[in-house]
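>>> A structural model of the following input is requested.
(one chain, ligands or ions: 1)
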Amino acid sequence: MYCNMMVNIILMKMRTTVTIIALLLVTLCVSGATKVLPSDPKATPEAKQLFSRLVELQKKGTMYGHQDDLMCGFTWWYQPGRSDTKEAVEDYPAVAGFELGEIERGGERSLDSVSFAQITEQVKLFHQMKGIITVSWHATNPITSHYPGKKEPNGAGSAWDVKTLSADSLNAVKSILPGGENHEQFDRWLTILANYFKTWKDDKGNLIPFIFRPYHEHSGSFFWWGDTRCTDEEYAELWCYTVHFLREKGLHNILFAYNTDKVYSLEQYLRGYPGDDYIDMISIDWYGSGSEFNEAIDKALQFTDQYAKEKHKLHALSECGPISLDLLQLLKKYDLSFLLTWRNRPLRNLPELEKTPDFKEKVEQILTNMRSYNTTKEVMKEMFDDPHYLFLKDIQGL
Ligand code: BMA
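Here you go, the predicted structure:
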């Protein structure tokens with residue numbers, strides 16, 4: 001009798017223990033399945049935090065991003081603290097874009113004449129202010145930049161110098177991959193890039209986490225890494241090589257954004273996609289306005305949004321403009337981390353203009369035309385007043 005009782009008690013205890021273990025296992029599995037992490041298995045705590053912060057922010061709304069916002073404006077060059085966005089709506093963008101084209105050449109300034117040392121200053125400050133940092137890289141053409149006297153910003157030898165290139169003849173991507181004639185040079189480029197990224201540290205000495213979007217707009221053929229300039233396999237290999245290289249240099253603080261220009265199907269979007277282990281953000285760039293544009297981008301965002309959700313990736317419209325009120329409404333249908341408009345390039349003849357008495361009116365006149373590429377102050381204000389669109393102050397506490 002006593003033995004039976006003991007056996008029953010032991011059995012009951014065992015059942016309870018088994019149930020507890022089972023419950024624990026289920027909980028672990030469920031939390032493991034829903035815990036969304038960056039693609040890098042060795043991601044730093046800061047990169048993991050940025051990734052989960054972006055996941056949360058994406059549920060709340062879409063952040064406004066602006067290229068070079070902290071580096072220059074239509075009428076000024078680097079004045080720390082200054083921002084055209086802030087002057088239009090009294091807040092900074094939530095996302096600040098920086099461009100590193102030509103860093104690979106070892107100089108002090110980018111193809112846009114922006115100082116890399118000053119970019120570092122702003123990256124550190126903006127990170128401290130809890131803003132999001134995104135980086136693009138219009139790298140020089142690894143073949144034609146060798147030709148003597150051939151280097152001009154945006155022209156010969158630049159990222160856009162593609163006239164002579166094609167996948168099956170002069171192929172710049174193939175030339176920098178392992179076995180290619182420019183491979184060693186490419187390793188040097190990536191080393192310079194990695195060393196620069198390593199200088200982006202916070203007050204505690206931790207590497208600042210950021211989004212990196214190299215080899216962008218791949219569906220177009222206007223950059224040396226573009227669609228018809230290399231094969232899909234070579235493009236994917238370029239990506240994998242770059243990601244491995246940076247990770248091996250100890251940079252586990254980077255979230256990588258895959259990016260195309262306009263696309264009309266998911267299949268087209270994924271041509272050259274390196275794989276989910278390399279990518280954290282699914283993004284497209286698409287400039288335009290009007291009903292045809294709205295319709296086309298709407299279709300594209302449907303499949304990019306769905307793909308991002310299926311793969312637990314972030315999703316962004318990483319370049320667009322001009323922003324119309326229609327577009328602002330349309331974008332609300334999608335979970336988009338951010339939209340970004342391109343830089344307010346300082347007027348070329350600024351020093352001369354500044355000397356003329358009707359400087360302000362002249363500038364206003366020029367800007368009216370230029371803003372069609374970016375966004376008018378009025379639309380900026382609409383976006384700012386719309387709770388769906390997030391600026392810096394909206395995300396600082398999150
Ligand atoms: C382009 C233009 C260029 C610039 C490049 C990289 O779209 O704004 O003038 O050099 O971006 O920032």
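>>> Now do the contacts for the nearest residue to P346 once chain neighbours are set aside.
Of all residues not flanking P346 in the chain, C72 sits nearest, at 5.2 Å (C-beta to C-beta, 6 or more residues apart in numbering). C-betas here are computed from N, CA, C, even on glycine. By C-beta atoms under 8 Å, 6 or more residues apart in numbering, the contact set of C72 is 78, 112, 114, 343-346.
>>> out of those residues, which is most surrounded?
N344 (25 neighbours; other C-beta atoms under 10 Å).
>>> these two touch, right, that one and D84?
Yes. At 4.9 Å, N344 counts as touching D84 under the criterion of C-beta atoms under 8 Å.
>>> how many other residues sit next to the residue of the chain found nearest the ligand?
Of all residues in the chain, the one sitting closest to the ligand is E99 (4.2 Å; C-beta to the nearest ligand atom). Residues contacting E99 under the criterion other C-beta under 10 Å number 20.
>>> What parts of the stretch 1-150 of the chain come near the ligand?
99, 101, 111-112, 138 (C-beta under 6 Å from any ligand atom).
>>> Please render those residues as TSV that adds distance to H244 and pLDDT to the earlier fields.
Output for those, formatted as TSV (distance: C-beta to C-beta, whole Å; pLDDT from 0 to 100):
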residue	distance to H244	pLDDT
E99	24	98
G101	22	97
L111	26	95
D112	29	95
H138	22	98
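>>> Was I right to think H66 contacts I323?
No. Counting by C-beta under 8 Å, H66 does not reach I323; the two are 10.9 Å apart.
>>> In the sheet, which residues pair with the residue nearest to the residue of the chain closest to the ligand when sequence neighbours are not counted? Tell me.
Nearest non-adjacent residue to E99, counting by C-beta to C-beta, 6+ apart: S136, 5.2 Å away. Using DSSP bridges, the beta-bridge partners of S136 come out as E99, R213.
>>> ok, S136 - contacts?
67, 97-101, 213-214, 216.
>>> Among these, name the buried ones.
67, 97-101, 213-214, 216 (16 or more other C-beta atoms under 10 Å).
>>> what's the most distant pair in those residues?
Spanning the widest gap among the buried ones among the contacts of S136 are Q67 and P214, at 14.9 Å by C-beta to C-beta.
>>> for the stretch 251-398 of the chain, what spans make up the helices?
266-269, 291-310, 325-331, 350-355, 359-370, 377-385, 392-396 (DSSP state H, counting those that start in this stretch).
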